[in-house]
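Asker: my questions are about this predicted structure, shown below with the sequence.
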Amino acid sequence: MLTSKMEKALNAQIRVEAESSQVYLSMACWAEVKGLEGIAQFMYKHSDEERMHMLKLVKYVNERGGHAIVSELSAPDTDFGTFQKMFEQLYDHEIFVSKSINELVHVSLEEKDYATHNFLQWYVAEQIEEEALARTILDKINLIGNDKGGLYLFDRDVQMINVESAAADTAQ
Ligand code: OFO
């Protein structure tokens, strides 16, 4: 059974994951209308993953005797300036999510809720991978600079960049 403090904190994270999904969906739309098809596909996929992170929390809260709340969400930006700026924003957003997960882990320890602490380890590991992925992409973008051919190749290849390939890159 979740304590009410734990339930409230998990519900706050449900909202964070739902808003993350909306942010990346909005990024996908921006990229798609700009003709950046590969980047758009990457963002659509990322948005789906965030929805999965949200659902995992929803199921957990309901299973543990709580009530997962589907709340209103803040509207994401609709204009991201340049694709470089957009990926910087993605990185900053993932850092924000990591902090939020850390806070949640902290609450689980305060509440002596070791089951939730254990459940949250999946998110802790996931955030390490997501931050590594965002950094890998930013490194590639820095290499391209303002080169149009580079952007063409980046847009083509970004769909192949995933958590596994980023982890392999970081290990090198
Ligand atoms: Fe990209 O973060 Fe969810 O957890």
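Answerer: Everything's here; your move. Numbering: from 1, shown residues only.

Asker: C-alpha from now on. contacts and neighbour counts both.
Answerer: OK.

Asker: can you classify whichever residue of the chain sits closest to the ligand by secondary structure?
Answerer: Going by Cα to the nearest ligand atom, the ligand is nearest to Glu50 of the chain, at 4.8 Å. Using DSSP: H, G, I helix; E, B strand; the rest coil, the structure places Glu50 in helix.

Asker: my guess is it meets Val16, correct?
Answerer: No: using Cα atoms under 8 Å, Glu50 is not in contact with Val16, being 9.3 Å away.

Asker: what pLDDT does the closest residue to Leu120 other than its chain neighbours get?
Answerer: Distances taken as Cα to Cα, 6 or more residues apart in numbering place Val105 nearest to Leu120, at 6.7 Å, with adjacent residues excluded. Note on Val105: pLDDT of 98.

Asker: cool, and the one 10 residues further on?
Answerer: Confidence at Ala115, expressed as pLDDT, is 98.

Asker: check which helix or strand it maps to.
Answerer: Assigned by DSSP states H and E, Ala115 belongs to helix 114-144.

Asker: Asp79 now?
Answerer: According to DSSP H and E, Asp79 maps onto no helix or strand at all.

Asker: what do you get for Lys8?
Answerer: helix 4-33.

Asker: and that helix, what does it pack against?
Answerer: helix 37-63, helix 83-110 (3 or more Cα pairs under 8 Å, 6 or more residues apart in numbering; DSSP states H and E).

Asker: most tightly surrounded among the ones you listed?
Answerer: Comparing the helices and strands packed on helix 4-33 by mean neighbour count (mean count of other Cα atoms under 10 Å), helix 37-63 ranks first with a mean of 19.

Asker: and the angle from that one to helix 83-110?
Answerer: Orientation check (axes from the mean of the first three to the mean of the last three Cα atoms, to 10 degrees): helix 37-63 against helix 83-110 gives 10 degrees.

Asker: so where's the chain uncertain?
Answerer: For the chain, the stretches with pLDDT under 70 are 162-172.

Asker: assign Ser74 to helix, strand or coil.
Answerer: Of the three states, Ser74 takes coil under three-state DSSP.

Asker: could you verify my assumption that Leu120 touches His106?
Answerer: No: Leu120 lies out of contact with His106 (Cα under 8 Å); the separation is 10.4 Å.

Asker: quick one: residues contacting the residue of the chain closest to the ligand.
Answerer: Contact partners of Glu50, counting by Cα atoms under 8 Å, 6 or more residues apart in numbering, are 17-18, 20-21.

Asker: rerun that using 10 Å as the cut-off
Answerer: By Cα atoms under 10 Å, 6 or more residues apart in numbering, the contact set of Glu50 is 14, 16-25, 56.
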